[in-house]
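In: Below are the sequence and a predicted model; questions follow.
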Amino acid sequence: MHIQAGDTEYLVRAADPDDDDFILGLASRFVDFELPKWRRRNVVLEGIRNDIGRHLDDQPPGSFMFVVEDDSSGDRCGFLHLQLVTDFFTGHQNCHISDLAVIPSMDGKGVGKALLAYAEQFAREHRCERLQLAVFPGNARAIKLYEQYGFGTEMLRMVKPL
């Protein structure tokens, strides 16, 4: 499917095994900000890489990996991982944005917004009740994007290190 970001058109396609290294290479984007003081960057990064790797290898039901490419050059510039999940309160199906990352050179160029629009369309096509995601509080740039796109805080996950 094609999406538009600014003046550029992008292709969103299902990820294939040739994309694994590219996708895993973007995992560092998920720790490129201030983490909670009790989280060690290398441990969080390893956990994220392991989770993404498991989804790439096992392709569990309800898990969908996409890559976004510049339509004219074919260069990969980001990826999106969506999961169909059951809402705890209603029992209805929701779409969870598990991972969304773009290469650093594409920051601020609308690719993230375009991927959010793609995720919303995917969720509607799959008759989801809600589109949801989780984000670290130190990731101010992502939070700002999500709020601009209409996301709001529903529940806070609080942690006490032991």
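Out: Sure thing, it's come through.
In: the strands in this protein, which residues?
Out: Along the chain, the stretches classed as strands by DSSP state E are 2-5, 8-14, 63-70, 76-86, 93-102, 131-133.
In: Now for residue 72: which residues touch it?
Out: Residue 72 makes contact with 8, 9, according to CB atoms under 8 Å, 6 or more residues apart in numbering. Every C-beta, even on glycine, is put in place using the N, C-alpha and C of the backbone.
In: distance of it from residue 102?
Out: For residue 72, the distance to residue 102 equals 17 Å [CB to CB, to the nearest Å].
In: do the same with residue 137
Out: Counting by CB to CB, the gap from residue 137 to residue 102 is 21 Å.
In: more crowded one of those two?
Out: residue 102 (23 against 12; other CB atoms under 10 Å).
In: Setting the sequence-adjacent residues aside, check what's closest to the more buried one.
Out: residue 78 (3.6 Å; CB to CB, 6 or more residues apart in numbering).
In: Model confidence score at that neighbour, please.
Out: As predicted, residue 78 sits at a pLDDT of 97.
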